[in-house]
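Asks: Need coordinates for the below:
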Amino acid sequence: MVTQADTIDIATICKENGLRLTAPRRIIVQVLSEATDHPDAVELHRRVTRLDPGISLATVYRTLKLLQDKGVLEKHNFGNGPARFEPADQDHHDHLINLETGQVVEFRSDEIERLQEEIARKHGFEIISHRLEIYVRPLKAKRARRT
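Replies: Prediction:
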C-alpha cells in the first residue's frame, strides 16, 4: 500500500512555482502537507479553521484552484462525491474508493502496471498516462446483503 509521505513539502513546491504564500495560504498548504488522506474543500476548511478561524471557505476554494492550476495539487472526482485533492508530485499510484465511507486507499501494483503495458502494446499503443480508480465496498457489507 502507498501512503502519502509525511515530508511532502507543498510550500517548497509553491515557491518553486513562483506562488506567493500569504498567511492563509501558508496555513492551507501546511494542513495539506500534513494530510494523510484526500480531503475535499469542506474537510480542508474544517481543519484549517482549527488553526485560524478567520480563513473562509471561499479562500480555501480559491487556494485549491490556484494550487491545482499551478500543478501543485491534483484534483480527483471519485464517484458522486465532492472533488478531493492530493499533492501532484507523488509517485504514480492507483486508488481504491470505498463507496460506503468515502475512504480512499492508495496502492501500487507492479503486476497491474505490467498488465496495462502488455494490453496497450497488444493493441498497438504505448501508455502516456493513466489513472486507475477501483470503487469498492467492504466484504462484510456484501455478505450481509446476501443473507
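Asks: Every contact and neighbour count from this point should use C-alpha atoms.
Replies: OK.
Asks: where does the protein have low pLDDT?
Replies: Low-confidence segments of the chain (pLDDT under 70): 1-9, 89, 141-147.
Asks: Report the central residue of it.
Replies: Central residue of the chain (CA atoms, centre = their mean): Glu86, 3.1 Å from the mean position.
Asks: My guess is that one contacts Leu73. True?
Replies: Yes: counting by CA atoms under 8 Å, Glu86 does reach Leu73; the two are 5.6 Å apart.
Asks: quick revisit: give me the phi and psi angles of the residue nearest to the centre of the chain.
Replies: phi -150, psi 160 (degrees, to the nearest 10).
Asks: Now His45. Nearest residue, chain neighbours left out?
Replies: Leu57 (5.9 Å; CA to CA, 6 or more residues apart in numbering).
Asks: what about that neighbour, how many residues close to it?
Replies: For Leu57, the neighbour count with other CA atoms under 10 Å is 17.
Asks: just Lys70 next, same as before
Replies: Neighbours of Lys70 (other CA under 10 Å): 15.
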